[in-house]
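[1] Return atomic coordinates for the entry below.
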Amino acid sequence: MSLSSLSCSLKESPVTPEIDKRFINSASDLNLFCITASQTALTAATSTRVRQYAQEVIANGETTNRELISLAWQKGIQLKDLSETNTQKIDSLQTKSIKDFDYTFMDMAVDAHYQLVALYETEIQSGNDLTVRNWAKGKLSAVREDLEKAQLAKEAM
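    Next up is the predicted model:
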């Protein structure tokens, strides 16, 4: 590969590649899931630590949501609503008994953050749009921190 073709492949293309569109939509979906589940936890969780964790997720998630909306707008991407799968998870969470709610919520939070870490890592390694890839790179450490907080809160139960 020549130097000129390499530099061309690293430039922004006028059309956002499909892999980057999928990343933005998937990140938005998981982020909305985390926010919605955490809003439920604010009123349904019995553990103070779980409620505190939920409050942090909402604050961080709302910031990320604004950034994702802006990124999607810049790239001409129409964000989708919460996926059917994540809607069903929220519905399931809302039917949990008081006894089971905290553990189920934290289990879902850990799982969602594992998915987010994998999603961001995939974008960083395979994404074609420099703006999207760099945004993911800049957010990955915060996503990993959120995963660690979820794991610690779950272990403390």
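[2] can you tell me the helix or strand for the residue nearest to residue 149 when sequence neighbours are not counted?
    Of all residues not flanking residue 149 in the chain, residue 53 sits nearest, at 6.2 Å (CB to CB, 6 or more residues apart in numbering). To be clear about C-beta, it is placed using only N, CA and C from the backbone, and glycine gets the same treatment. Using DSSP states H and E, residue 53 sits in helix 48-75.
[3] Work out the gap between the next helix or strand after that helix and the centre of the chain.
    Downstream of helix 48-75, the next assigned helix or strand under DSSP H and E is helix 84-94. Centre-to-centre, helix 84-94 and its host chain are 16 Å apart (CA atoms, centre = their mean, to the nearest Å).
[4] can you pull the buried residues of helix 84-94?
    Across helix 84-94, burial judged by 16 or more other CB atoms under 10 Å covers 86, 89-90, 93.
[5] what's the answer for stretch 31-42, then?
    Neighbour count says stretch 31-42 has 31-41 buried, by 16+ other CB under 10 Å.
[6] likewise stretch 40-57?
    Quick answer for stretch 40-57 (16+ other CB under 10 Å): 40-41, 44-45, 47, 50-51, 53-54, 56-57.
[7] Same question for stretch 127-135.
    Neighbour counts over stretch 127-135 (16+ other CB under 10 Å) mark 127-129, 132-133, 135 as buried.
[8] which residues touch the spatially most central residue of the chain?
    Note on the chain: the residue nearest the mean C-alpha position is residue 31, at 3.7 Å, using CA atoms, centre = their mean. Neighbouring residues of residue 31 by CB atoms under 8 Å, 6 or more residues apart in numbering: 61, 64-65, 68, 116.
[9] Please tabulate the buried residues of helix 84-94 in JSON lines, including the columns distance to residue 156 and pLDDT.
    What follows is the buried residues of helix 84-94, written out as JSON lines (distance: CB to CB, whole Å; pLDDT from 0 to 100):
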{"residue": "86", "distance to residue 156": "25", "pLDDT": "97"}
{"residue": "89", "distance to residue 156": "23", "pLDDT": "97"}
{"residue": "90", "distance to residue 156": "24", "pLDDT": "97"}
{"residue": "93", "distance to residue 156": "19", "pLDDT": "96"}
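[10] Can I get these in CSV including distance to residue 25?
    Below are the buried residues of helix 84-94 laid out as CSV (distance: CB to CB, whole Å):
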residue, distance to residue 25
86, 12
89, 17
90, 18
93, 22
